[in-house]
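Enquirer: got a structure for you, letters missing:
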């Protein structure tokens, strides 16, 4: 068991590693969309960028905890329930990165026995670095953060669809139905790119809420710890505790959470 002091030291070293990878990626991003007209071409273009970034991140984080494993599948719907693992995404927001947009991030989370212990979400092009330690709060660029209390009528909601939505008709249906429901409740609905970054935005009040349907544990995990440690309510869509096996996700400012659970009940 790592104590709070150890985790705080470790999250600082993790953030430094993540920022170094982010600086390299930002320097190499073109302001123009990549010349990829097909899915194989896009995958090849992304692999040329993401592969070296993953190797750099692994080389920087590995020595911090030599006994920790490295989780290879960033799109995994299930994550390990035992042991200590680094769960990272060197280029979270691949679509935006390849299209010359600033909405992407580098993420790193330390998972121990199925529970996030620390998380870093760094958006280089937006100048935002979120950090959180379990039991130690959450920060944005070094300052403590908390959700912002506001009426649902002026709330901006973030959302996304899971990476495998194309093969999950239930998640597709729920995504469409829930968007229709919440469009009648909030000021605006936006998909601002990386899932982890959007969830972290709930913790700092940049978004009032974020919801998603489908299994997406790897993408949700970093932001979930940040939002929770900031003071947001983090559950599944029905208000139950969110777990790595949940098929829905909701993070919201505490004052809004109950009303949102009621609204989303119509979807199921």
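Expert: Yep, it's here. Note that the structure is predicted; figures quoted are calculated from it, not measured.
Enquirer: Residue 185 and residue 261, how far apart?
Expert: Remark: distance between residue 185 and residue 261 (Cβ to Cβ, to the nearest Å) = 12 Å. Glycine gets a C-beta too; all of them are placed from N, C-alpha and C.
Enquirer: where along the protein do the strands fall?
Expert: In chain order, the chain shows strands spanning 69-71, 84-92, 105-112, 115-123, 128-133, 137-140, 143-144, 156-159, 188-190, 209-213, 233-235, 248-252, with DSSP state E as the criterion.
Enquirer: would CSV of the ones you listed with mean neighbour count and distance to residue 28 be doable?
Expert: As requested, the strands of the chain are exported to CSV (neighbours: other Cβ atoms under 10 Å; distance: least, Cβ to Cβ, whole Å):
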stretch, mean neighbour count, distance to residue 28
strand 69-71, 14, 23
strand 84-92, 23, 11
strand 105-112, 27, 13
strand 115-123, 25, 16
strand 128-133, 26, 19
strand 137-140, 20, 25
strand 143-144, 10, 29
strand 156-159, 22, 27
strand 188-190, 15, 27
strand 209-213, 29, 29
strand 233-235, 22, 34
strand 248-252, 27, 31
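Enquirer: And those strands: which comes nearest residue 30?
Expert: Each of the strands of the chain was scored for nearness to residue 30 using Cβ to Cβ, and the closest is strand 84-92 (13.8 Å).
Enquirer: Can you list the helices and strands that the closest one packs against?
Expert: Other elements packing on strand 84-92 under the criterion 3 or more Cβ pairs under 8 Å, 6 or more residues apart in numbering; DSSP states H and E are helix 4-28, helix 39-61, strand 69-71, strand 105-112, helix 195-204, helix 217-230.
Enquirer: run the last query once more with 7 Å
Expert: With contacts defined as 3 or more Cβ pairs under 7 Å, 6 or more residues apart in numbering; DSSP states H and E, the secondary structure elements packing on strand 84-92 are helix 39-61, strand 69-71, strand 105-112.
Enquirer: would you list these in CSV and tack on mean pLDDT and distance to residue 174?
Expert: Supplementary listing: the helices and strands packed on strand 84-92 in CSV, determined by pLDDT from 0 to 100; distance: least, Cβ to Cβ, whole Å:
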stretch, mean pLDDT, distance to residue 174
helix 39-61, 95, 25
strand 69-71, 94, 27
strand 105-112, 97, 25
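Enquirer: Throw the ones you listed into TSV and include distance to residue 118, thanks.
Expert: Listed next are the helices and strands packed on strand 84-92 as TSV, based on distance: least, Cβ to Cβ, whole Å:
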stretch	distance to residue 118
helix 39-61	11
strand 69-71	15
strand 105-112	5
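Enquirer: Tell me which of the ones you listed lies nearest to residue 97.
Expert: Among the helices and strands packed on strand 84-92, the nearest to residue 97 by Cβ to Cβ is helix 39-61 (7.0 Å).
Enquirer: For the closest one, which outside residues touch it?
Expert: In this structure, residues lying in contact with helix 39-61 by Cβ atoms under 7 Å, 6 or more residues apart in numbering are 14, 17, 20-21, 24-25, 28, 34, 36, 70, 86, 88, 90-91, 94, 98, 108.
Enquirer: I appreciate the help and will end here.
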